[in-house]
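Chemist: Any chance you can model this:
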Amino acid sequence: MAVRAATGTRVLGMDTLARLQRARLTGGRPADPLHRLPVPDGMSAPLGCDAVAMPSVLGQQVLPRLPRVGCIYADATHWWYMVPADSDYAMEWPAPSRYATGAVVPDALDAPGAPGLIHRPDDTVPYTPPIPLYLALCRLTGTTPSWSRPVSA
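Modeler: Next comes the predicted model:
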């Protein structure tokens, strides 16, 4: 939603700013997709879908630390937790995890075979809550959450 200020200057909404930032970071081109993780039949994704990828060992360690688990996809080397779109806004996901905009599994994470669904929640929403997922990843990787880091002047 855009509104006009009293001066006639266009004010941009948060959705527009996030979209412009993504275009700037990717050079305006979408990533070369290998696969887009599908939303399972019978489920709806009203907030859009992104995914957080991590090595499978780390994905298994995160699982019991979450209050709710959405759809999880896996191949031989990585797990992808489905999260609402723009769950990377103002968060730096800790390495070795990677944020996949649009739930696209990029070539960089290529492994033999397409990722398959290994967990589906009982309800109709495919999301893992991003903040508990982020905090669990920070704890397991020994990373201080971005909002807890000291700010320098």
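Chemist: Quick check, central residue of this protein?
Modeler: Central residue of the chain (CA atoms, centre = their mean): Ala51, 3.7 Å from the mean position.
Chemist: Run through the bridge partners of it.
Modeler: Met82, Ala100 (DSSP bridges).
Chemist: what's the spacing between it and Ser152?
Modeler: 32 Å (CB to CB, to the nearest Å). Bear in mind the C-beta positions are built from the backbone N, C-alpha and C, glycine included.
Chemist: Which residues are in contact with the nearest residue to Pro94 once chain neighbours are set aside?
Modeler: Counting by CB to CB, 6 or more residues apart in numbering, Pro94 lies nearest to Thr143, which is 3.8 Å off, once chain neighbours are set aside. Residues counted as contacts of Thr143 (CB atoms under 8 Å, 6 or more residues apart in numbering) are Pro94, Ala95, Leu137.
Chemist: okay if I get those as JSON lines plus pLDDT?
Modeler: Compiled in JSON lines, these are given as follows (pLDDT from 0 to 100):
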{"residue": "Pro94", "pLDDT": "95"}
{"residue": "Ala95", "pLDDT": "95"}
{"residue": "Leu137", "pLDDT": "97"}
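Chemist: I'd like the distance between the residue nearest to the centre of the chain and Val125.
Modeler: In terms of CB to CB, Ala51 sits 15 Å off from Val125.
Chemist: Would you agree Asp58 falls within a strand?
Modeler: Small correction: residue 58 is Leu, not Asp. No. With DSSP: H, G, I helix; E, B strand; the rest coil as the criterion, Leu58 is assigned helix and is not in a strand.
Chemist: hang on, it packs against Ala136?
Modeler: No. Contact status for Leu58 versus Ala136: not in contact, 9.6 Å apart, counting by CB atoms under 8 Å.
Chemist: What ranges does this protein have for its helices?
Modeler: Per DSSP state H, the chain has helices spanning 14-26, 56-62, 130-141. These are given in chain order.
Chemist: Now the weakest link among these, please, by mean pLDDT.
Modeler: Of all these, mean pLDDT reaches its minimum on helix 14-26 (a mean of 55).
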